[in-house]
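K.L.:
Let's see this in three dimensions:
(4 chains)
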Amino acid sequence: MPATFKSLSELLEKVEATKKRLKIIDQTANYLKTLGAEEIESATNMMVGRAFPKYSQKTLDVSWSTLTRIFERISVFDWDLFREAMASTGDIGSATKTVLEQTKPKKQTQLTQKSLTITEVRTTMEAIAQAQGSGARTKKERLITALMSQATPVEAKYLVKIFTGEMRTGLHEGLMEQAVAQAFDVPLQRVQHASMVLGDIGEVAATIKTQGLEGLEKAGFSVFRPVKLMLAQTAQSVNEALAEHGGKSALEYKYDGARVQIHKQNGRIEIFSRRLTDVTESLPEIVKIVEQNILAQSIIVEGEVISLDSAGYPIAFQHLMRRFRRVHGISGMAEKIPLTLYLFDILYLNGESLIAQPYIQRRQILSQIAGEIPLTKPNSHRPAQTSRRFPQRSHRRWTRRLDGEKTRQPIRAWTQGQTLAKNQNNP
DNA sequence: TTTAGTTGACC
DNA sequence: GTTATGC
DNA sequence: GCATAACGGTCAACTAAA
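P.N.:
Model prediction:
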């Protein structure tokens, strides 16, 4: 029997009620066990506040403003009560529930009405994401209205939370990985690895559900499926970071640009942003650079895209931003704001994952396959001198805006000081 | 055709 | 990206 | 101590309204 959205809402109510992480994991794990193969990916993503898998390019394009109009239409929305509830909980979803509980809907809801299933909610959300072009707003609103009028106040609360992307239940992706591991009695490390290479924890849950531990062990990088990135952590000082690494550290300059993940196979190239958005179309010259330089058959590399002005200095980040996600006037802007790529890591090469390889090894392989593409500049000092010699503060300088006006704001320049990425696989 | 409002995304 | 907060 | 939630500033796309 398909799981109801009500069951998911009730689980999240229990999760929200506690701050104890072990309890959250326990309750979530027990709930995951009750789900079927066809709904577990949707449910898992909804629980962590996503309508779709992390790697998915779909967006709902719905937020609080749209929801407000809808609630005004389907019920007598008590704004004083809403404000009061917002003040006490600070949570839009909770406030919505409070209001809906105390207001009578305009339309009579049938007591015998069949309750929403998780799969139905996903299907409607697909349709909402699909609605584009003229009349899209109306269509989205109609679909949301249909969903909301079938929902109880508690369900509406979590629909709102998913729409706005603000869950505030304490059940975040890290805990969900633990819950999945516990529910299916598989090693946490396996789950975490699969979550990284598959780019989505919901997909991991579905894989285990249908293929068991065996399926999990088979999970590996797949070209054109964006990978969950390893994020850097900041330290108070260079010495603190060096200590964290336990003796062996590599230092590189961190460029104030945009991080990209580049996939290539059989001549096809795709570029993803930090949040796994496909930005290939916006960056034609980066595609060209990769095409001309990286000859490997299949590859996943990471780099930083920055823009240099005519004098060879990097421009301020806000100018660079105008290139990303742009779909109009790309070639014109490409002339005004030309982009440069610096590579800093390689995750996958010709069918082999490289993340278990030490940093030195990966860097070596990267330099061999990069062609003329520069790598991020490494530190060249000896360890004893590192702390003293490596730049620890931003270089500040004046820059010119693209329109020629001189800006008064100093910008973060070429070197931003040390940032030492703690590599979970190779500390 | 222009302007305003909304949304999402990057650091 | 930075800062605040709760285990 | 650690991980995450919550926040800020800026920009472009998109749809609806003027």
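
K.L.:
CA only for contacts and neighbour counts going forward, please
P.N.:
OK.

K.L.:
so A:Ile271, which of the three states?
P.N.:
strand (DSSP: H, G, I helix; E, B strand; the rest coil).

K.L.:
Would you confirm that it contacts A:Thr280?
P.N.:
Yes - shown here, A:Ile271 and A:Thr280 form a contact pair, counting by C-alpha atoms under 8 Å, at 4.7 Å.

K.L.:
Overlap in contacts, those two.
P.N.:
By C-alpha atoms under 8 Å, 6 or more residues apart in numbering, A:Ile271 and A:Thr280 have these common neighbours: A:Val287.

K.L.:
Which one's more surrounded, the two?
P.N.:
The residue with more neighbours, out of A:Ile271 and A:Thr280, is A:Ile271; 24 against 18, by other C-alpha atoms under 10 Å.

K.L.:
Count the neighbours of A:Thr103 for me.
P.N.:
For A:Thr103, the count of nearby residues is 12 (other C-alpha under 10 Å).

K.L.:
ok, the residue lying closest to it once chain neighbours are set aside to DNA strand D distance?
P.N.:
Nearest residue to A:Thr103, sequence neighbours excluded (C-alpha to C-alpha, 6 or more residues apart in numbering): A:Val76, at 6.3 Å. Counting by C-alpha to the nearest atom of the strand, to the nearest Å, the gap from A:Val76 to DNA strand D is 20 Å.

K.L.:
got it, and A:Arg325?
P.N.:
6 Å.

K.L.:
Where does that residue sit: helix, strand or coil?
P.N.:
Quick answer, by three-state DSSP: A:Arg325 is coil.

K.L.:
Whatever residue of chain A ends up closest to DNA strand D - how many residues pack around it?
P.N.:
In chain A, the residue that lies nearest DNA strand D is A:Gly133 (2.8 Å; C-alpha to the nearest atom of the strand). A:Gly133 has 7 neighbours, counted by other C-alpha under 10 Å.

K.L.:
Ok, A:Val186 next?
P.N.:
The local packing of A:Val186 (other C-alpha under 10 Å) involves 16 other residues.

K.L.:
Now it: which helix or strand?
P.N.:
Following DSSP states H and E, one finds A:Val186 outside all helices and strands.

K.L.:
Now for it: which residues touch it?
P.N.:
Counting by C-alpha under 8 Å, 6+ apart, A:Val186 touches A:Leu213.

K.L.:
Could you report the pLDDT at the residue nearest to A:Thr103?
P.N.:
A:Val76 is assigned 78 on the pLDDT scale.

K.L.:
Likewise for A:Asp200?
P.N.:
A:Asp200 carries a pLDDT value of 89.

K.L.:
Not counting sequence-adjacent ones, nearest residue to it?
P.N.:
In space, A:Asp200 is closest to A:Lys54, 5.3 Å off (C-alpha to C-alpha, 6+ apart).

K.L.:
correct me, but that neighbour touches A:Gly199?
P.N.:
Yes - judged on C-alpha under 8 Å, A:Lys54 makes contact with A:Gly199 at a distance of 6.3 Å.

K.L.:
how far does stretch A:334-343 stretch from start to finish?
P.N.:
Taking C-alpha to C-alpha, to the nearest Å, the span from the opening residue of stretch A:334-343 to its closing residue is 20 Å.

K.L.:
For that stretch, buried residues please.
P.N.:
Buried residues in stretch A:334-343, counted by 16 or more other C-alpha atoms under 10 Å: A:334, A:337-343.

K.L.:
anything in it near DNA strand B?
P.N.:
No - using C-alpha under 7 Å from any atom of the strand, stretch A:334-343 never reaches DNA strand B; the gap is at least 12.8 Å.

K.L.:
Count the residues that sit near the nearest residue to A:Glu281 once chain neighbours are set aside.
P.N.:
In space, and not counting its chain neighbours, A:Glu281 is closest to A:Val327: 7.1 Å by C-alpha to C-alpha, 6+ apart. Residues lying near A:Val327 (other C-alpha under 10 Å) number 12.

K.L.:
for the residue nearest to A:Asp200, helix, strand, or coil?
P.N.:
Applying three-state DSSP: A:Lys54 is coil.

K.L.:
contacting residues around it?
P.N.:
A:199-200, A:276.

K.L.:
how far away is it from A:Met196?
P.N.:
In this view, A:Lys54 and A:Met196 are 11 Å apart by C-alpha to C-alpha.

K.L.:
Can you pull the phi and psi angles for the residue nearest to A:Glu281?
P.N.:
Here is the backbone geometry of A:Val327 (degrees, to the nearest 10): phi -120, psi -10.

K.L.:
And A:Glu166, by the same measure?
P.N.:
Dihedral angles for A:Glu166 - degrees, to the nearest 10 - are phi -110, psi 100.

K.L.:
so it sits right up against A:Gly49, yeah?
P.N.:
Yes - the criterion here is C-alpha under 8 Å, and A:Glu166 meets it with A:Gly49 at 6.7 Å.
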